[in-house]
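Asks: below: sequence and its predicted model.
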Amino acid sequence: MSRKLALALALAATPLLAGCGLHPLYAGGGHAAIAQGLEDVDVPAIPGQQGWLMRNALMDRMHPDGRKASTGRYRLDVRLDDKLEGLGVLANDTVGRERRTLRARYQLVDTATGDILLDATAGSDAGIDVVSSEYATVAAEQTALENLTRVVADRIVTSLAVRLRQEAAKGESVR
């Protein structure tokens with residue numbers, strides 16, 4: 001009896017869920033307007049090792065097939081701030097823990113008009129144990145940077161996709 005009641009309630013709620021206003025961001029896959037808009041974003045070189053990692057992560061997410069933007073309708077300017085702080089000083093005056101913080105300030109620029117469509121920041125941080133092996137600590141710092149780069153790149157691309165979706169909703173073409 002309870003199964004039939006649960007099924008009836010689920011079927012009755014289905015029309016209500018359709019009107020909730022949630023829509024998949026990437027509906028239509030690689031041919032969707034958002035995916036096409038992301039392919040039109042050019043990412044100029046970003047200085048430093050952190051910049052190289054960030055640009056590659058952004059390009060991997062916006063151009064999954066490896067093709068670069070042909071029209072370059074948009075430009076994504078990114079400035080990075082990478083900090084490594086020592087925390088947890090031990091009894092022998094050595095650092096026992098570090099925190100690596102990666103912040104990105106980015107602007108989405110319409111290359112045709114020069115208008116800034118999006119000006120935002122994204123960031124993340126990670127804790128690192130400092131061990132007696134200097135090599136292991138340096139390797140952990142590098143791994144933390146690579147992981148933080150992927151997290152921040154995901155946040156940037158999500159923010160860009162939402163903004164491009166808003167542009168498309170206003171009736172402007174994103175391609």
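Replies: Received it, and whenever you're ready, just let me know what you need.

Asks: and the helices in the chain?
Replies: 2-18, 33-39, 48-62, 134-169 (DSSP state H).

Asks: output those helices in CSV; the columns should cover distance to Y106 and mean pLDDT.
Replies: From N, CA and C alone the C-beta is placed, and that goes for glycine too. Output for the helices of the chain, formatted as CSV (distance: least, CB to CB, whole Å; pLDDT from 0 to 100):
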stretch, distance to Y106, mean pLDDT
helix 2-18, 34, 67
helix 33-39, 14, 78
helix 48-62, 9, 95
helix 134-169, 6, 92
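
Asks: right, so of those helices, which gets closest to L87?
Replies: helix 134-169 (13.4 Å; CB to CB).

Asks: in that closest one, what's buried?
Replies: 137, 140, 144-145, 148-149, 151-153, 155-157, 159-161, 163-165, 167-168 (16 or more other CB atoms under 10 Å).

Asks: ok, and what's touching stretch 113-123?
Replies: Residues outside stretch 113-123 that contact it (CB atoms under 8 Å, 6 or more residues apart in numbering): 74, 101-110, 152, 155-156, 159-160, 163, 167.

Asks: count of neighbours near the nearest residue to G96 once chain neighbours are set aside?
Replies: In this structure, G96 finds its nearest non-sequential neighbour in G88, 4.1 Å apart by CB to CB, 6 or more residues apart in numbering. In terms of burial, G88 registers 13 neighbours under the definition other CB atoms under 10 Å.

Asks: looking at it, G88 is touching T94, isn't it?
Replies: No. Look at G88 against T94 with CB atoms under 8 Å: they stay out of range, at 9.5 Å.

Asks: tell me the phi and psi of D115?
Replies: For D115, the backbone dihedrals (degrees, to the nearest 10) come out as phi -70, psi 140.

Asks: burial count for it?
Replies: 9.

Asks: and L84, by the same measure?
Replies: By the criterion of other CB under 10 Å, L84 has 13 neighbours.

Asks: let me see the contact set for it.
Replies: L84 sits in contact with 98-101, 141, where contact means CB under 8 Å, 6+ apart.

Asks: redo those as CSV? Include distance to M54.
Replies: Listed next are the contacts of L84 as CSV, based on distance: CB to CB, whole Å:
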residue, distance to M54
E98, 20
R99, 19
R100, 14
T101, 14
E141, 16
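
Asks: which one (most neighbours) among those residues?
Replies: Highest neighbour count within the contacts of L84, by other CB under 10 Å: R100, with 21 neighbours.
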